[in-house]
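*Asks:* could you look at this predicted model? Sequence included:
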There are 2 protein chains.
Amino acid sequence: MVTLKDVARASGVSIKTVSRVVNGTAEVSAETRQRVKGVISDLGYQPNTMARSLVNGRSNTVGVIIPHSVGYIFSHPFFNEVLRGIAEVLANNNLNLLLHLAHQNTPYAQLYNQRRVDGLIFMSVLTGDPNLDGVLESKSPCVFTCRIVEENNPTNWVDADFVGGLEQAVEHLISLGHRRMALLAGPRNLISVLLRVKGYRQAVTRNGLTVDEDNIHYVDFSSEAGHDLALQLMQKPNPPTAILCGDDMMAIGVIQGLQEAGRRVPQDVSVIGFDDISLARFSTPPLTTIRQDTFRKGQIAAETLIRLMTKGIENSPFQQILSTQLIIRSTTALAPR
Amino acid sequence: MVTLKDVARASGVSIKTVSRVVNGTAEVSAETRQRVKGVISDLGYQPNTMARSLVNGRSNTVGVIIPHSVGYIFSHPFFNEVLRGIAEVLANNNLNLLLHLAHQNTPYAQLYNQRRVDGLIFMSVLTGDPNLDGVLESKSPCVFTCRIVEENNPTNWVDADFVGGLEQAVEHLISLGHRRMALLAGPRNLISVLLRVKGYRQAVTRNGLTVDEDNIHYVDFSSEAGHDLALQLMQKPNPPTAILCGDDMMAIGVIQGLQEAGRRVPQDVSVIGFDDISLARFSTPPLTTIRQDTFRKGQIAAETLIRLMTKGIENSPFQQILSTQLIIRSTTALAPR
DNA sequence: CTGAAAGCGCTAACAT
DNA sequence: ATGTTAGCGCTTTCAG
């Protein structure tokens, strides 16, 4: 391996001078700079980032954490979009991205405590995840792409307005005359799922209807789960005329299940998704859904983290809710009858 | 920051002894080990991985590279699956995953030359990507999840059998009586796309038909592109009765486009996808597709890289083709007459 | 404008 | 079984 020392020797200057031209730290006479630069490219010198990190105390790397139990839905388009937003911002700031798909019981804080990363971004936190212990104590700069449960919690986060999103969806369905609705919220250990339920409840109640607790279902974010539950629901004596889904993948599964059960979408049953993944527009029929800007969410998370890392932790936590938008396509229609 | 020295001082032993208990390198008397361990947990000592890497010359990190122009399809389910396979294997081997979504013109070899990673995995290589320059010279252990163009190239790769997959698909369509077929292959700069075309050509020719070059289309792997092209195709005087798609996302867009054009799937037009993403089963109608085991592909890539990193580069390159499987669902039927 | 020396936190000989 | 010493490659005082 070619080191600074090699370059220094070959160009007849001191190590420090080479270091200076490499980093542009201080002024070096044009003449020596040229010579050193020549030697650097002749020898193919590349700085050793590990040595740099050791002395600087910074790894120039950000850890992006996806909790284990979420692994199975890692194939979810949602994640890529957020990740893409994060990756873009980090790249523009010359930061590396360490992707940590939590697999075993390793406390997340360890990545920071061992100086492997300078900060952390958490995608989807599961309530009660023991690996989260120690994150706050570590003083690691960190940002969550979903809000944290506890009230008055000083964590930094960006999140979509799940409450408002569900409210819009419910209003839409009610305005179409639907009264019997089912909500397939998502897995119970996700905060965002609880928020969806909250929004649903609020809107239903506000419209003078009563919430049918039996029609709130906690199932995985997967087409399969949606498909299976749709079949089940249609066997009930009084099946719902509208199904609200926690995400688009589920909704697509629901539509398929409904068709297998001999129901037409949207004539017999209306369906609404959440996310507006790229596919939503091209599903059959095109999906009515609540759009959240996942890419932007990732960008904001990364931008916030960078601010935390450079200017130190701000006194007040950064907490931002991104508004959602109801996109009406072809899976919702007037309630039958 | 708590260092080895601090622990040594606090427990009254030498630095080296502490290092030994931390790493379990050599025998230490049970009594001192206990004491040192106690101090370690009292002080909350965590080893500095950067210092370790500097002296070991290893970062214990693997770089996973997704070329820039592919970025826009990073939301493609295909990538997650491969990535998940890679992540799992790396995690089991205590290796970190540095995700490099190439954004600007940074030579990929740099990650290795700067000692940031110990090896590289390339997901999807674009023909003629200038950032690839220097990768071979760097002697970095690396594995590609797609084969490389040049013949007799000593690169290591795992890849799906695109040629065979397309052949199966064509045979299936021909057996159903289809004669006018269109192929939406994918972007021209992907090797896998050229292989799809090759398989298509071979099977068509083998069956005594002639390849209609005008019906081979090079379009993006996206629902949108599929949708738009389907609409276009249906306006032709003699539209195809079957459409082969380079991937499932495209196929789903095609189905939607066909329906907008008033064609029924599969009665009027048959459609075949590629990948068998989780959604394929739940699209409407359920998609006939060519399955490739993307998760396994990722696993194999990572396993191979680890072998390369630990046992050194083997003399013969590792090159493996994973077989594909035709999954017949409901988007293919007898050709209309 | 340039150089010498010290040290980041750790591991690896080589003692003892 | 344990300690001493010397670096890994780089940056940072502090001198010249």
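*Replies:* Yes, it's here. Numbering: from 1, shown residues only, chains lettered A, B, ... in the order given.
*Asks:* how about the top helix by length along chain A as CSV, C-alpha atoms only?
*Replies:* Ranked by residue count, the top helix of chain A under DSSP state H comes out as helix A:294-311. Taking Å, rounded to 0.1, in the frame of the first residue of the first chain, the C-alpha atoms of helix A:294-311 are listed here in CSV:
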residue,chain,number,x,y,z
THR,A,294,-41.6,8.6,1.1
PHE,A,295,-38.7,9.9,-1.0
ARG,A,296,-38.9,13.3,0.6
LYS,A,297,-39.2,11.7,4.0
GLY,A,298,-35.8,10.0,3.4
GLN,A,299,-34.3,13.2,2.3
ILE,A,300,-35.5,15.1,5.3
ALA,A,301,-34.3,12.5,7.6
ALA,A,302,-30.8,12.6,6.2
GLU,A,303,-30.7,16.4,6.0
THR,A,304,-31.7,16.6,9.6
LEU,A,305,-29.1,14.1,10.7
ILE,A,306,-26.4,15.9,8.9
ARG,A,307,-27.4,19.1,10.7
LEU,A,308,-27.3,17.3,14.0
MET,A,309,-23.9,15.9,13.2
THR,A,310,-22.3,19.1,12.1
LYS,A,311,-23.9,21.7,14.3
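*Asks:* quick check: mean pLDDT across stretch A:328-337?
*Replies:* Stretch A:328-337 carries an average pLDDT of 95.
*Asks:* what pLDDT does the closest residue to DNA strand C within the stretch 201-337 of chain A get?
*Replies:* Residue nearest to DNA strand C within the stretch 201-337 of chain A: A:Met309 (18.3 Å; C-beta to the nearest atom of the strand). Heads up, the C-betas are built off the backbone N, CA and C, glycines and all. Per-residue confidence for A:Met309 comes out at a pLDDT of 93.
*Asks:* likewise the one 3 residues further on?
*Replies:* What the model reports as pLDDT for A:Gly312 is 66.
*Asks:* now the strands for chain A?
*Replies:* Ranges of strands in chain A, per DSSP state E, are A:61-66, A:96-101, A:119-122, A:142-144, A:156-160, A:181-184, A:216-217, A:242-245, A:270-275, A:288-291, A:319-322, A:325-327.
*Asks:* quickly check: the longest helix of chain A near chain B or not.
*Replies:* No - figure legend: helix A:294-311 not in contact with chain B (C-beta under 8 Å from any C-beta of the partner chain); closest approach 8.9 Å.
*Asks:* cool, stretch A:7-22 as well?
*Replies:* No - applying C-beta under 8 Å from any C-beta, one finds stretch A:7-22 out of contact with chain B, separated by at least 11.8 Å.
*Asks:* what comes into contact with that stretch?
*Replies:* A:4-5, A:25-26, A:28, A:32-33, A:35-40, A:42-43, A:45, A:47 (C-beta atoms under 8 Å, 6 or more residues apart in numbering or on different chains).
*Asks:* how about a cut-off of 7 Å?
*Replies:* A:4-5, A:26, A:28, A:32-33, A:35-37, A:39-40, A:43, A:45, A:47 (C-beta atoms under 7 Å, 6 or more residues apart in numbering or on different chains).
*Asks:* roughly how far out does the longest helix of chain A sit from the chain middle?
*Replies:* 12 Å (C-alpha atoms, centre = their mean, to the nearest Å).
*Asks:* run through the contacts of stretch A:7-22 and flag the ones next to chain B.
*Replies:* When contact is defined as C-beta under 7 Å from any C-beta of the partner chain, these meet chain B at A:Pro47.
*Asks:* so which of the contacts of stretch A:7-22 reach DNA strand D?
*Replies:* Among those, the ones lying near DNA strand D by C-beta under 7 Å from any atom of the strand are A:4-5, A:45, A:47.
*Asks:* could I get the buried residue list for the longest helix of chain A?
*Replies:* Residues of helix A:294-311 classed as buried by neighbour count (16 or more other C-beta atoms under 10 Å in any protein chain shown): A:294-295, A:297-309.
*Asks:* hmm, back to that, can you select the buried ones from the contacts of stretch A:7-22 in PyMOL?
*Replies:* Restricted to buried positions by 16+ other C-beta under 10 Å, the PyMOL selection for those reads:
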select buried, chain A and resi 4+28+32+33+35+36+37+39+40+45+47
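*Asks:* in helices, which of the contacts of stretch A:7-22 fall?
*Replies:* Those of these lying in helices (DSSP H): A:4-5, A:32-33, A:35-37, A:39-40, A:43.
*Asks:* could I get the residues you listed as TSV with distance to B:Glu167 and pLDDT?
*Replies:* Formatted as TSV, those follow (distance: C-beta to C-beta, whole Å; pLDDT from 0 to 100):
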residue	distance to B:Glu167	pLDDT
A:Leu4	56	89
A:Lys5	58	88
A:Thr32	64	84
A:Arg33	60	85
A:Arg35	60	87
A:Val36	58	88
A:Lys37	54	89
A:Val39	55	89
A:Ile40	52	91
A:Leu43	51	91
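*Asks:* sorry, back to before: out of the strands of chain A, nearest to B:Phe79?
*Replies:* strand A:96-101 (12.0 Å; C-beta to C-beta).
*Asks:* who touches that closest one?
*Replies:* A:60-66, A:71, A:74, A:86-87, A:90, A:111, A:116-117, B:87, B:91, B:96-99, B:116.
*Asks:* in it, what counts as buried?
*Replies:* A:96-101.
*Asks:* for the residue in the stretch 51-200 of chain A positioned nearest to DNA strand D, which non-adjacent residue is closest in space?
*Replies:* In the stretch 51-200 of chain A, the residue that lies nearest DNA strand D is A:Ala51 (3.4 Å; C-beta to the nearest atom of the strand). In this structure, A:Ala51 finds its nearest non-sequential neighbour in B:Leu54, 5.2 Å apart by C-beta to C-beta, 6 or more residues apart in numbering or on different chains.
*Asks:* and for A:Leu322?
*Replies:* A:Ala160 (5.2 Å).
*Asks:* could you report the distance from that neighbour to A:Leu308?
*Replies:* Applying C-beta to C-beta, to the nearest Å, the value for A:Ala160 to A:Leu308 is 21 Å.
*Asks:* got it, and A:Glu88?
*Replies:* 18 Å.
*Asks:* got it, and A:Pro317?
*Replies:* From A:Pro317 to A:Leu308 the distance is 10 Å (C-beta to C-beta).
*Asks:* point out where chain A drops to low pLDDT.
*Replies:* A:68-75, A:149-152, A:312-315 (pLDDT under 70).
*Asks:* all helices for it, in order.
*Replies:* Under DSSP H, chain A gives helices at A:4-11, A:15-23, A:30-43, A:49-56, A:77-92, A:109-113, A:162-175, A:191-206, A:223-233, A:248-260, A:294-311.
*Asks:* burial of the residue in the stretch 51-200 of chain A positioned nearest to DNA strand C, as a residue count?
*Replies:* For the stretch 51-200 of chain A, the residue closest to DNA strand C is A:Val55, as judged by C-beta to the nearest atom of the strand, at 3.5 Å. The number of residues packed near A:Val55 is 10, by other C-beta atoms under 10 Å in any protein chain shown.
*Asks:* just A:Asn56 next, same as before
*Replies:* Other residues close to A:Asn56 by other C-beta under 10 Å number 12.
*Asks:* could you measure it against A:Lys5, distance?
*Replies:* 19 Å.
*Asks:* which one of the contacts of stretch A:7-22 is nearest to B:Ala333?
*Replies:* Nearest member of these to B:Ala333, counting by C-beta to C-beta, is A:Pro47, at 61.5 Å.
*Asks:* any idea how far that closest one lies from B:Ala109?
*Replies:* 14 Å.
*Asks:* quick one on the thing from earlier: closest one to B:Cys142 among the helices of chain A?
*Replies:* So among the helices of chain A, helix A:49-56 is nearest, using C-beta to C-beta, at 18.3 Å.
*Asks:* was I right about A:Ile300 contacting A:Val158?
*Replies:* Yes - counting by C-beta atoms under 7 Å, A:Val158 is a contact partner of A:Ile300 at 4.5 Å.
*Asks:* what sits in contact with each of the two?
*Replies:* In contact with both A:Ile300 and A:Val158: A:Gln320, using C-beta under 7 Å, 6+ apart.
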